[in-house]
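Chemist: Compute the structure for the input listed below.
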Amino acid sequence: MYEGEENRAAAHIDQRQRLTDAGLDIRNRRERDVAFRRASSAPTRSANVAAELCPIAKTRVASRPSSYASAKESAAVVIAADVRTERLVAVASPSLPARAGSDRHERVRLCAPMRSVTRSPKMPETPLTRAQLVRGRWRTTAGVAALALGIECVAAHFDGIDVDALSTYRDGVVNRMYAGLTGLVRQHGITVVAGHGSYLGGRTVQIDDARHTGRFLVLATGSEPQIPSTLQLSERIITSDQALTLQTIPARAVVVGGGAIGVEFASLWASFGAEVTIVEAQPSLLPAEDPWASKQLQRALTKRGICVRADTAIVSATERANGVTVELPGGDTLETDVVLIATGRAPRTSHAGLSEHGIALENGFVVTDDTLATSIEGVYAIGDIVRGLQLAHRGFGHGVFVAEHLAGLSPVPPSDEVVPRVVYSHPEVAAVGLTEAAVRERFGMATAVVYDLSGNAKSQILGTTGGVKVVRAGGKADDGPVLGVHMVGDRVSELIGEAQIVVGWEALASEVGRFPHAHPTQHEALGEAMMALSGKPLHAHG
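Modeler: Numbering: from 1, shown residues only. Okay, here's the model as predicted:
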């Protein structure tokens, strides 16, 4: 409305008058401007919202005129004034929008009075004290809402998951990635033949009715869910393939298998409000990982309400009209809506004609040498059909290696020991290299340290717990290369890149610990662990 230097004074006078008319008398210029924007915005003009969320400003704010009957439902952050102290009070509303304002012009000084700010009488009273509002520090209004939410002073209502919206979002991401890849394939002049293929021997395959022969042949048929002999697939007994396309979120779920896939689905469904039980035949979850990481994960999942039945095998699962009855050893039973079979994945080689035409297999996996060459000259295999980690990025690395090898280059043969492993649960588990037991078995001695994420500022901000464990060979007086890194905590997957370089380049803990890590980040935890492993712990007690 006002533009130019000559109109600024008039604008400020007008703003102050409008605030006074609305029942807000604020003398500080910055606080006045912020309150003006909030008082003038439609989502926060409701007197009822301000009265419910800010009782200490009730007398003045309640008298403000309002023409927005639905403001209570759409309010974001209410900025009101305690007329007795002339201080601003920031209160988050019960229904936060997807995006709250956070530009530099919306900064407010959190100077709440000594009196606590409480929620609506309809909500349980959890006070926002002056200390909790971090008096005297600057935060954006969006940050105020986040702060309040972090200390559980915002009433949030969970009414369920919109499965259709979830599916639309998922498919959108997948389709965009797929479109990008197909575009790259076309750009490089690669011919794609769609259809069912089978191996005919030599370097020839048949796709439907057409045969194709190349100078080289690379097998990459992938994997499929492995089904135990005691279980049969049905409408309610499913694999991860069907779980991804469920139209509803199960109220109760039994997950058979405590590996990466089972843990991820269990964590996801629990976040969606389901009652989840994991049944794992091995003594612990993630049996291939370091026992420390497995124990940390199981403790965290248990705290979230996920029941873990380790060292337990499924006897049978019987589908009934309204659910599934799962029988366990000793006569125990579990009643559930869905049974997810997550007992691993098997190589998809049984119907491709491989063994019939001379390709050597071992338990379904293609037998290869260090260059990923099979028993037939000119034929290579990559990805999940080669025994080892069944991970997408491992298959990607295999493909790059074979392509460079066939081009006459001298690539380094791939090793599973430098392939990162991540479980995308809550909390996450990320690891690369050897476990402590594997290091001890291979080298006779192992030294390991664990840095607890409770001492990491960024982890405190995120509200996550867990730790970083680093392992090397030798005793405490030695300084050998780091051979394994194991991490548990939210967002630790973002640390695995640095850990992979450390293990892959056989770096010394004393070398890595010497680098300052940015603060505040979770990378600091990795640096602290390296310092401790090298005998120079910094932020360590005792």
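Chemist: all helices for the stretch 351-500 of the chain, in order.
Modeler: 392-406, 436-443, 457-462, 496-504 (DSSP state H, counting those that start in this stretch).
Chemist: Other residues contacting the third one?
Modeler: Contacting residues not belonging to helix 457-462 are listed as 453-454, 465-466, 489-491, 519-522, 524-525 [CB atoms under 8 Å, 6 or more residues apart in numbering]. Using the backbone N, CA and C atoms, a C-beta is placed for each residue, glycine as well.
Chemist: Tell me who's in contact with Val255.
Modeler: Per CB under 8 Å, 6+ apart, neighbours of Val255: 262, 265-266, 276-279, 339-340, 342.
Chemist: Could you do Arg215 as well?
Modeler: 203, 378.
Chemist: re the thing from before, of all the helices of the stretch 351-500 of the chain, which one comes closest to Leu301?
Modeler: Of all those, helix 457-462 sits nearest to Leu301, with 17.7 Å by CB to CB.
Chemist: circling back to that earlier point, want to throw the helices of the stretch 351-500 of the chain into TSV with distance to Gln247?
Modeler: Below are the helices of the stretch 351-500 of the chain laid out as TSV (distance: least, CB to CB, whole Å):
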stretch	distance to Gln247
helix 392-406	26
helix 436-443	43
helix 457-462	32
helix 496-504	34
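Chemist: Ok, which of those helices comes nearest Gly474?
Modeler: Closest among the helices of the stretch 351-500 of the chain, using CB to CB: helix 436-443, at 7.1 Å.
Chemist: returning to what we had before: I'd like the contacts of helix 457-462 laid out as JSON lines, including distance to Glu235 and pLDDT.
Modeler: Below are the contacts of helix 457-462 laid out as JSON lines (distance: CB to CB, whole Å; pLDDT from 0 to 100):
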{"residue": "Leu453", "distance to Glu235": "42", "pLDDT": "95"}
{"residue": "Ser454", "distance to Glu235": "45", "pLDDT": "93"}
{"residue": "Thr465", "distance to Glu235": "39", "pLDDT": "93"}
{"residue": "Gly466", "distance to Glu235": "37", "pLDDT": "96"}
{"residue": "Gly489", "distance to Glu235": "37", "pLDDT": "97"}
{"residue": "Asp490", "distance to Glu235": "34", "pLDDT": "97"}
{"residue": "Arg491", "distance to Glu235": "36", "pLDDT": "96"}
{"residue": "His519", "distance to Glu235": "52", "pLDDT": "96"}
{"residue": "Pro520", "distance to Glu235": "48", "pLDDT": "96"}
{"residue": "Thr521", "distance to Glu235": "46", "pLDDT": "96"}
{"residue": "Gln522", "distance to Glu235": "42", "pLDDT": "95"}
{"residue": "Glu524", "distance to Glu235": "49", "pLDDT": "96"}
{"residue": "Ala525", "distance to Glu235": "45", "pLDDT": "96"}
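Chemist: Val315: which of those residues is nearest?
Modeler: Looking at the contacts of helix 457-462 and their distance to Val315, the nearest is Gly466, at 34.3 Å (CB to CB).
Chemist: And for the nearest residue to the closest one once chain neighbours are set aside, the neighbour number?
Modeler: Excluding the flanking residues, the one nearest Gly466 by CB to CB, 6 or more residues apart in numbering is Gly489, at 3.0 Å. Gly489 is flanked by 26 other residues according to other CB atoms under 10 Å.
Chemist: measure Gly489 to Val418 for me?
Modeler: Distance, Gly489 to Val418, by CB to CB, to the nearest Å: 22 Å.
Chemist: I'd guessed the residue nearest to Gly466 sits against Thr464; true?
Modeler: Yes. The criterion here is CB atoms under 8 Å, and Gly489 meets it with Thr464 at 4.8 Å.
Chemist: which residue ranges form the strands in the stretch 151-300 of the chain?
Modeler: 197-201, 204-207, 210-213, 217-219, 223-225, 237-239, 252-256, 275-279 (DSSP state E, counting those that start in this stretch).
Chemist: any chance of these in CSV, with distance to Tyr424 and mean pLDDT too?
Modeler: Output for these, formatted as CSV (distance: least, CB to CB, whole Å; pLDDT from 0 to 100):
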stretch, distance to Tyr424, mean pLDDT
strand 197-201, 31, 94
strand 204-207, 34, 95
strand 210-213, 37, 95
strand 217-219, 28, 97
strand 223-225, 18, 96
strand 237-239, 18, 97
strand 252-256, 15, 97
strand 275-279, 16, 97
